[in-house]
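# just need the structure, nothing else, for what follows:
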Amino acid sequence: MERELILVYNADSGLFNIIKDGFHKIFSPSTYQCNLCALTYGKFMMKNEWKEFIDKLDIHTKFLHRDEFYKQLESHPYHLKDVKFPAIFLNRDQKISLFINHEEINQCKTLKELMNLISSKLTR
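From the prediction side, this is the model:
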């Protein structure tokens, strides 16, 4: 059985969007719309603690922006298109399901809380 975590940011891809989001995180962090990004990235780069955590997981991980996720969903069930972001999905044998929803991610106040949430759900 093949398993993969798909972590989807509440942001779109592209250089303009990345720059805009970077400035938003710096100048107005309290209104930034993606807690997954806010917890896992510093001002410009992925946090080392997060990268080490992901590298040690016993499951392949993929990071996507919202628009990239929608492009890949064209051949998947329609109900996934209504999910709010950020979100984490589990792809098990080409069947994608919601694994951690936006409310659970947004309740995490620290990176450690997010890592604990992911770890606890993976061991269930």
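# how about the strands of this protein, start to end?
Taking DSSP state E, the strands of the chain run over residues 3-8, 60-64, 87-92, 95-100.
# using PDB, list the CA coordinates for the third one.
Looking back up the chat, that one is strand 87-92. Once non-C-alpha atoms are left out, strand 87-92 reads as follows in PDB (Å, rounded to 0.1, in the frame of the first residue of the first chain):
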ATOM      1  CA  ALA A  87      -5.300  21.300   4.600                       C
ATOM      2  CA  ILE A  88      -3.500  18.100   4.600                       C
ATOM      3  CA  PHE A  89      -4.600  15.100   2.600                       C
ATOM      4  CA  LEU A  90      -3.800  11.500   2.600                       C
ATOM      5  CA  ASN A  91      -3.300   9.700  -0.700                       C
ATOM      6  CA  ARG A  92      -3.600   6.000  -0.100                       C
END
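# paired strands for it, with orientation please.
As defined by DSSP bridges, the strand partners of strand 87-92 come to strand 3-8 (antiparallel), strand 95-100 (antiparallel).
# next, the angle from the first one to strand 60-64.
Regarding strand 3-8 and strand 60-64, their directions subtend 20 degrees when assessed with axes from the mean of the first three to the mean of the last three CA atoms, to 10 degrees.
# same deal with the last one?
When the same axes, to 10 degrees is applied, the directions of strand 95-100 and strand 60-64 differ by 80 degrees.
# now strand 95-100: average pLDDT?
The average pLDDT for strand 95-100 rounds to 92.
# then stretch 14-23?
On average, stretch 14-23 scores 60.
# same thing with stretch 35-45?
On average, stretch 35-45 scores 84.
# who wins for proximity to Lys109 among the strands of the chain?
Nearest to Lys109, of all the strands of the chain, is strand 95-100, at 15.2 Å by CB to CB. Yep, even glycine has a C-beta here, placed from its N, CA and C like the rest.
# contacts for the closest one next, please.
5-6, 73, 76-77, 80, 83, 87-90, 117-118, 121 (CB atoms under 8 Å, 6 or more residues apart in numbering).
# returning to that earlier point: kindly reformat the strands paired with strand 87-92 as JSON lines containing distance to Leu39 and mean neighbour count.
Below are these laid out as JSON lines (distance: least, CB to CB, whole Å; neighbours: other CB atoms under 10 Å):
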{"stretch": "strand 3-8", "distance to Leu39": "11", "mean neighbour count": "18"}
{"stretch": "strand 95-100", "distance to Leu39": "12", "mean neighbour count": "15"}
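# good, wrapping up.
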